[in-house]
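>>> One predicted model, sequence on top.
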Amino acid sequence: MISTELDVCRAAVQLSADPKRVMARSFIPGGPERVTAILDRVLRLPAHESSALLDSVLLRYGDRHKNLKELFERHYEVVAPHLNGNAPSSEHVRQLIGSYFTCEYSLECVALFNPSVVPHPDQSGLPADTLRFVMSLRACGEGHISSVEFRSGTVAAPCTIELDAISRFASAERRTGAYRHDRNRFFLKLKEIEARWPRSEEVLRDVAEQFTADDLADALERLRPKCHNWRSFDEMANAMLWVARSNYQLEFPPDSDLAERVIFPLTDNENRGIEDARFVCFTDAGHSVYYGTCTAYNGVHALPQLIETTDFRRFRVATLNGRCSRNKGMALFPRKIADRYAMVSRIDGENMYILRSDDILFWNEAEMIQQPVQPWESVQIGNCGSPIETAEGWLVLTHGVGPMREYRMGAMLLDLDDPSRVIGALADPLLIPSEDQRDGYVPNVVYSCGGLVHCGQLVIPYGMADTSTGVAHVPVDDVLAQIRRA
C-alpha cells in the first residue's frame, strides 16, 4: 500500500463488517389481505397465551434493541387502520401485534467501507494537538442495501488515531416534522424532470411559498373535482407527490450514541440504498454546517442527494437538481468561491469537472478540468472526497481505474481562487491495493469519500475491496512537494 515516491503509513486501525449490528425495522409481508389475516390470527389468541408470547419475544430480543416495546407500538400503529376500528384495548396485545410486523435487519453483514472524516462538532476537553472526528461509513446489508453509519474517534500529533468504543445498538431513523419545500424551487424541479402538466402551476398557486407534502396533497384534492381526465390527473398528482416526498427530515433521540444512528433508505428513489456519503464541514459567514453529498439508488437510477446537519443528530435530506446533478461522486468545496458554491464531480462517468452554482440544490454549470492521463487511471478518474484547503491550493484526493478494473488513489492540486485551473497532479498513485487488502466483495479497490489534515498529516480513511475500512496518513507537505515535481 506504499507508493514508490511517498512514505504513506497505514495506521493500526481497521473497521470490519459486524453481522451482530442489527436494527429493528418494519416488516409488512404482503398486501392488505395478508395483513388482515395476520391480525385476525393474533387477536384470536387467548389473553394468557398472547401475554406469554410477548414476554418470550421481549426476553429473546429485549437486549438487542433499545426501547423495544415503544418500537412495537409504532409498528402496531402502521397496521392499526386494517383493524377497522376494532383496536385492542390491551397494551400487551398491541405490542404483540407490533412484533409480528417487525424484523431485524443486519446493517453491515456484507461490508463496511467508503468512509469520510470531518472534525467533530464537539472539540471540548481535548489537548491542543488532538482532534476529535466523525467518520461516516457505507454499511451494506442483506439485499445489498446500503445505509450511512457513523463512528467517532481522535487523531493526535504526530498521527495517533483511535476509534471510540461503540454501542451494540443501531437505531432506525425517524421522520420528524415535515420537510418544507420552496415553491419556486419545486417548480424548477418539475420543469427539470419534465413533469409539468397544464394544471400543475394551478396546484402550486394554491400552496404557500413554503409548503409540505401534506399541503401539496390537500391542494391536489381541492383541484381533483375540477378535472375530467382522471388518468392524467392521477399521473400529475403521483409525480408531484413523489418529488415532494423525496425530501425528508430525521431526528434521533438525544440520548442516542453517534454510532447508534443510521440513515437508512426511506424514499422510493433510495429504496435500494444510500451510497458513498462525502461529508464536509462547510463554513459561510462564520457559520458552519455539515453537508454530505451521496447517491440514492432505486435499482435502476443513481440520483445525487444532499444531507445537511449541524450536530449529526438531526438531518435534512434533499434531492440535488439541475442538468449537472447526475452520476456518482459529487463533492462540495468547504466554502464558497467568489460567492458561489462549487463542487468537483464526474458527470460523464469518465472525466473530472468543476461545478458552480448560486443555489446549493441546483447545478447547471460544469467545466471539465481533467481527463485520464496516467496508465493507472485510463478507464476513468474521479474525486475521493471534498477538496481540502491548503496554503498552496485545493488538495483533491482522486481515484483512477486502470487495468483489471483496479482502483488506485491519487491527488491533484487546484488553484485557490480559480479551481478550474489545475496546478498539478501526482504521476504515481498515492495508495494502491496491497496484497493483504485486495480481496473482498469487489477485489482490487481502494477508495475514500474524504480525508482531513491535522498537525501536518493528511489523514485518509479508505475502503478496502468494498469490504472493510482502514486509515492511512502521510505528511501533507510531502504530497504537495511531489505534486509540484510531477
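The structure has been received and is ready for your questions. Numbers count the residues shown, from 1 in each chain.
>>> By mean pLDDT, flag the weakest helix or strand of the chain.
Ranked by mean pLDDT, DSSP states H and E, the weakest helix or strand in the chain is helix 230-245, scoring a mean of 86.
>>> Could you give me the buried positions within that one?
Going by neighbour count (16 or more other Cβ atoms under 10 Å), the buried part of helix 230-245 is 233, 236-237, 239-240, 243-245. Placement of C-beta: from N, CA and C, glycine included.
>>> now stretch 337-355
In stretch 337-355, counting by 16+ other Cβ under 10 Å, buried: 337, 341-347, 351-355.
>>> Buried residues, stretch 182-189. List them.
Buried residues in stretch 182-189 (16+ other Cβ under 10 Å): 186, 188-189.
>>> residues making contact with that stretch?
Stretch 182-189 is contacted by residues 201, 204, 207-211, 243-244, 319, 321, 359, 361-362 when judged by Cβ atoms under 8 Å, 6 or more residues apart in numbering.
>>> what about V155, how many neighbours?
The number of residues packed near V155 is 25, by other Cβ atoms under 10 Å.
>>> on that earlier part again, show me the buried residues of stretch 337-355 that map onto strands.
341-345, 352-355 (DSSP state E).
>>> Among those residues, which one sits closest to V474?
V344 (20.6 Å; Cβ to Cβ).
>>> My read is that that closest one contacts M352, right?
Yes: if you go by Cβ atoms under 8 Å, V344 and M352 touch, sitting 6.4 Å apart.
>>> Name the residues contacting each of those two.
N383.
>>> so what's L395 bridging to?
On the basis of DSSP bridges, L395 is bridged to I388, L413.
>>> contacting residues around it?
387-389, 411-413, 453, 458, 476, 479-480.
>>> Buried only: go through those for me.
The buried subset of the contacts of L395 - by 16+ other Cβ under 10 Å - is 387-388, 411-413, 453, 458, 476, 479-480.
>>> Of all pairs in the residues you listed, which one is the farthest apart?
M412 and V453 (15.5 Å).
>>> and P225, how many residues sit next to it?
7.
>>> Confirm it sits in a helix?
Yes: assessed with DSSP: H, G, I helix; E, B strand; the rest coil, P225 lies in a helix.
>>> who's in contact with stretch 31-45?
28-29, 50, 53, 79, 82-83, 86, 88, 93, 96-97, 100-101.
>>> Quick check: the most centrally placed residue in the chain vs A47, distance?
Of all residues in the chain, the one closest to the mean position by Cα atoms, centre = their mean is A277, 4.3 Å from it. The gap separating A277 from A47 is 48 Å, by Cβ to Cβ, to the nearest Å.
>>> again with G299
From G299 to A47 the distance is 44 Å (Cβ to Cβ).
>>> What of P461?
54 Å.
>>> got it, and T283?
Distance from T283 to A47, by Cβ to Cβ: 60 Å.
>>> From S90, how far out is R175?
R175 is 28 Å from S90, by Cβ to Cβ.
>>> And the pLDDT for M23?
In this prediction, M23 carries a pLDDT score of 95.
>>> pLDDT at the residue lying closest to it once chain neighbours are set aside, what is it?
Excluding the flanking residues, the one nearest M23 by Cβ to Cβ, 6 or more residues apart in numbering is A170, at 4.2 Å. At A170, the pLDDT value in this model is 94.
>>> got the contact list for A170?
21-23, 107, 149, 260, 262.
>>> how does it look with 6 Å?
Going by Cβ atoms under 6 Å, 6 or more residues apart in numbering, A170 touches 21, 23, 107, 260, 262.
>>> and if you look at Q123?
Q123 touches R132, counting by Cβ under 6 Å, 6+ apart.
>>> follow-up on the earlier one: just the buried ones from the contacts of stretch 182-189, in PyMOL syntax?
This is the PyMOL syntax for the buried subset of these, where burial follows 16+ other Cβ under 10 Å:
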select buried, resi 204+207+211+243+244+319+321+361+362
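>>> send the alpha carbons of the helix or strand encompassing V317 over as CSV?
Taking DSSP states H and E as the criterion, V317 maps to strand 314-319. C-alpha atoms of strand 314-319 as CSV (Å, rounded to 0.1, in the frame of the first residue of the first chain):
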residue,chain,number,x,y,z
ARG,A,314,-30.9,16.0,13.2
PHE,A,315,-30.7,15.7,9.5
ARG,A,316,-32.4,17.1,6.4
VAL,A,317,-32.1,15.1,3.2
ALA,A,318,-32.9,16.7,-0.2
THR,A,319,-32.5,15.8,-3.8
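>>> After that strand, heading C-terminal, what element do we hit next?
strand 331-332.
>>> what domains does the record give for the protein?
According to automatic domain parsing, the chain comprises the domains 9-18+107-174+248-485, 22-106, 181-245.
>>> which one of those is the most hemmed in?
domain 9-18+107-174+248-485 (a mean of 19; mean count of other Cβ atoms under 10 Å).
>>> Please, where are all the strands along the stretch 1-150 of the chain?
Assigned by DSSP state E, counting those that start in this stretch, the stretch 1-150 of the chain shows strands spanning 9-15, 22-26, 102-106, 111-119, 130-140, 146-156.
>>> Low-confidence stretches in the stretch 51-200 of the chain?
173, 194-198 (pLDDT under 70).
>>> Y341 contacts D359, doesn't it?
No: judged on Cβ atoms under 6 Å, Y341 makes no contact with D359 at a distance of 7.6 Å.
>>> shared neighbours of these two, which are they?
In contact with both Y341 and D359: no residue, using Cβ under 6 Å, 6+ apart.
>>> distance of the nearest residue to T130 once chain neighbours are set aside from V13?
Using Cβ to Cβ, 6+ apart and skipping residues adjacent in sequence, the residue nearest T130 is A156, 4.2 Å away. Using Cβ to Cβ, we find A156 at a distance of 13 Å from V13.
>>> Same check on F113?
14 Å.
>>> same thing with D276?
Following Cβ to Cβ, the distance that separates D276 from V13 is 20 Å.
>>> what's the answer for I347, then?
Taken as Cβ to Cβ, the span from I347 to V13 is 34 Å.
>>> Please apply the same query to T130.
Counting by Cβ to Cβ, the gap from T130 to V13 is 15 Å.
>>> same check, this time on I274
Counting by Cβ to Cβ, the gap from I274 to V13 is 24 Å.
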